[in-house]
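In: Any chance you could fold what I've pasted below:
(chains A and B)
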Amino acid sequence: MIDIKEPLIPVVGVVTDIRIDTPDVKTFRVVTPDGKKAFEHMPGQCAMLSIPGVGEAMFSITSSPTNTEFMEFSIKKCGCVTQWLHSMEVGQQITIRGPYGHPFPVDTEFAGHDMLFIAGGIGLAPLRSVINYCRHYRDRYGKIDIVYGSRSMQDLVDYKEIIDEWSKDAGVNVHLTIDREQPEWDGHVGFVPNYVKELGFSTDKIAILCGPPIMIKFTLAGLLELGFDKTQVYTTMELRMKCGIGKCGRCNIGSKYVCKDGPVFRFDEIDELPDEY
Amino acid sequence: MRKISLDKLNQLFSKIAETQTLYMPVDTKTGARYEKWEEGKELSDALNTVRSAKDFFFPQTENLMDFKMEGKNIEIIDTRNEAEDFVIFGVRACDVKSFEILDRVFLADPADSYYENRRNHGTIVSMACTRPVETCFCQTFDIDAASPEGDVVCHKTDDALYLEAKSDKGEALLNSLNDVTEDTDGSAVDEQVKTVHERMSRLPLASLSADAFGADKTKEFFDRPEWAELSQSCLGCGTCTFVCPTCQCYDIKDFNTGHGVKRFRCWDSCMYSNFTKMSAGQPRLTQVERFRQRFMHKLVYYPTNNDGLFSCVGCGRCLSKCPIQMNIVKVMKKLGGKSND
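Out: Now for the predicted structure:
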């Protein structure tokens, strides 16, 4: 046996809790068999989860590194691996390796700034890690605005945490919206990009976007219209990955590998990449 | 420099094979290929092997690890073993250079231990080319077919094989062969190099230039309209990527044996449609994008990330194997502008 670490070999993780968020999103709590976190990470980083025999796939770590007890992954059902993950029960073991990629610059470029988080659908999953990190170190950041939208009220991920915790924090404003009217919904109705423009934020903030490509496109355009500069706006990207360490060759956009040079990019950096994502 | 007469080559090979596994190109019905040497096998005189030498360090398929599944529990079994020492004899200059290109991917932090393990245990004995052919263009990438790199560099003349160590590993190997080789000066080799250089200057691709390409030229080439025409007949068969000594893309898959799960790695190809396919979409929708990816990677992206080094060694395998006769030379000529007129 070789006595060197191999980045492709995972460790065993145990699923200790499964929360049903929406009809197609569940949040899985994962620890090692001896009850610890599999590894430390920073907000925005990802991990490879796998069920041997089914496959391995990359997911953003949705829990904040300030959670010392476990890691969480909010996962939408949309393929072989995610289908399997959705069908498992508490106590199931999976494999986990990571962390991968560059995190959001939470301790450098974000420090001291007002923060504007904008998410659509499952796009809240990677942002939840940053949001909870900023809430944990509340005095390091200014005002926090969170704009979050989904197709319907039932499709809002982390709804309970948003209502019970985030919206009760001092200096945190949550703006929820859903695409179409629902009888039990008395909040805002409309698409995220329009809602952002209606809310009309001041431009002295750092903005972070995550959601479907079409939402990103129009929201970015709206922010630029409001006077934001691309150097103030961040997103996190996703492409097919196998290795997570810039070697298997498939997640590149031009000369950048999303797994290793991303997944977090600033929009002025994205401008430098060819249009192939 | 050491020397051995050609009629004693078998002694040299059996001496090496006493302590290490020895591989070399031998002739087969389907062309030259690397095989384990044993008494009776002869070194091929073919210019190059049909498949490249990358298999030695990055095999087409390899087991990465095993899993035992029991109820809800998983056991991960590390199946890695320390590689045995081996010698690859007769590697051409282009293929030797390909190892440096693969090293920059697989040995970059965090290093791939499967590759690193084999690399540490392999000794490269290269063989200078004497008669490069019309598909050769290693000169384009500053590779000298007449003076390859390697742990030991060999030159074969009409009557003798000349061996020179270029690394500590090579020195150790050559020292172990002192009984069967004799000391010599390099005059015969110098003469051969001169003749081969003269031959190389007359090759049809001798003036092919890569100067138009290189680091940080993504914007210059990405949106060029010529990609559509160049890729028009591409079948997406992936042959070019499989015979290529520098193509390193891979897939990781699981196989359920009935008693457990084997996770293996196998070569993959950016020319395949499902290479980048996701449940949420597909960034490279047509063969135009896939074709562009392959050549942009070799000529622009890889150099951008690796100090200007190109990810092509001009071995010419894709020129002779592509079923529609499309290849990197045509791409470079079409897009390279004035430098290739």
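
In: Let me know the average pLDDT across stretch A:57-69.
Out: Mean pLDDT, computed over stretch A:57-69, is 96.

In: what do you get for stretch B:17-37?
Out: Stretch B:17-37 comes out at a mean pLDDT of 96.

In: Give the buried residues for it.
Out: B:20, B:21, B:22, B:23, B:24, B:25, B:26, B:32, B:33, B:34, B:35, B:37 (16 or more other CB atoms under 10 Å in any protein chain shown). All C-beta atoms are positioned from the backbone trio N, CA, C, and that covers glycine.

In: Leaving out the residues flanking it, which one is nearest to residue B:3?
Out: Nearest residue to residue B:3, sequence neighbours excluded (CB to CB, 6 or more residues apart in numbering or on different chains): residue B:184, at 3.9 Å.

In: Setting aside sequence neighbours, what's the nearest residue to the residue of the stretch 151-277 of chain A found nearest chain B?
Out: Residue nearest to chain B within the stretch 151-277 of chain A: residue A:249 (3.3 Å; CB to the nearest CB). Spatial nearest neighbour of residue A:249, chain neighbours left out: residue B:249 (3.3 Å); criterion: CB to CB, 6+ apart.

In: contacting residues for that neighbour?
Out: By CB atoms under 8 Å, 6 or more residues apart in numbering or on different chains, the contact set of residue B:249 is A:248, A:249, A:250, B:241, B:267, B:268, B:269, B:270, B:275.

In: confidence score at it?
Out: In this prediction, residue B:249 has a pLDDT value of 97.

In: At the contact with chain B, which residues of the stretch 101-250 of chain A appear?
Out: Within the stretch 101-250 of chain A, the residues that sit near chain B (CB under 8 Å from any CB of the partner chain) are A:213, A:238, A:239, A:240, A:242, A:243, A:245, A:246, A:247, A:248, A:249, A:250.

In: is it true that the last one touches residue A:244?
Out: The one in question is residue A:250. No. With contact defined as CB atoms under 8 Å, residue A:250 and residue A:244 do not form a contacting pair (11.1 Å).

In: was I right about residue B:118 contacting residue B:83?
Out: Yes. Between residue B:118 and residue B:83 there is a contact under CB under 8 Å: 5.0 Å.

In: How many residues are close by residue 41?
Out: All of this refers to chain A. 22 (other CB atoms under 10 Å in any protein chain shown).

In: my bad, chain B
Out: Neighbours around residue B:41, by other CB under 10 Å: 15.

In: can you list the domains in chain A?
Out: Annotated domains of chain A cover A:11-100, A:114-236 [automatic domain parsing].

In: between the ones you listed, which one is nearest to residue B:245?
Out: Taking CB to CB, domain A:11-100 is the member of the domains of chain A nearest to residue B:245, at 27.9 Å.

In: What are the neighbouring residues in contact with the residue of the stretch 151-277 of chain A closest to chain B?
Out: B:248, B:249, B:250, B:268, B:270, B:297.

In: Tell me where chain A has helices.
Out: Counting by DSSP state H, chain A has helices at residues A:80-87, A:124-136, A:159-164, A:192-199, A:213-226, A:267-271.

In: can you check chain B too?
Out: Using DSSP H, helices in chain B cover B:9-19, B:93-106, B:113-121, B:168-175, B:187-201, B:218-222, B:226-231, B:239-243, B:287-296, B:302-305, B:317-321, B:328-335.

In: what would those helices look like in CSV with distance to chain A?
Out: Formatted as CSV, these follow (distance: least, CB to the nearest CB, whole Å):
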stretch, distance to chain A
helix B:9-19, 21
helix B:93-106, 6
helix B:113-121, 4
helix B:168-175, 19
helix B:187-201, 31
helix B:218-222, 4
helix B:226-231, 12
helix B:239-243, 10
helix B:287-296, 7
helix B:302-305, 4
helix B:317-321, 17
helix B:328-335, 15
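
In: Could you dump those helices into JSON lines and include distance to residue A:122?
Out: JSON lines is the format used below for the helices of chain B (distance: least, CB to CB, whole Å):
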{"stretch": "helix B:9-19", "distance to residue A:122": "58"}
{"stretch": "helix B:93-106", "distance to residue A:122": "32"}
{"stretch": "helix B:113-121", "distance to residue A:122": "34"}
{"stretch": "helix B:168-175", "distance to residue A:122": "52"}
{"stretch": "helix B:187-201", "distance to residue A:122": "57"}
{"stretch": "helix B:218-222", "distance to residue A:122": "30"}
{"stretch": "helix B:226-231", "distance to residue A:122": "34"}
{"stretch": "helix B:239-243", "distance to residue A:122": "34"}
{"stretch": "helix B:287-296", "distance to residue A:122": "26"}
{"stretch": "helix B:302-305", "distance to residue A:122": "31"}
{"stretch": "helix B:317-321", "distance to residue A:122": "41"}
{"stretch": "helix B:328-335", "distance to residue A:122": "39"}
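
In: before we move on, the earlier item: pick out whichever of the contacts of residue B:249 sits closest to residue A:3.
Out: Among these, and counting by CB to CB, the member closest to residue A:3 is residue A:248, at 24.6 Å.
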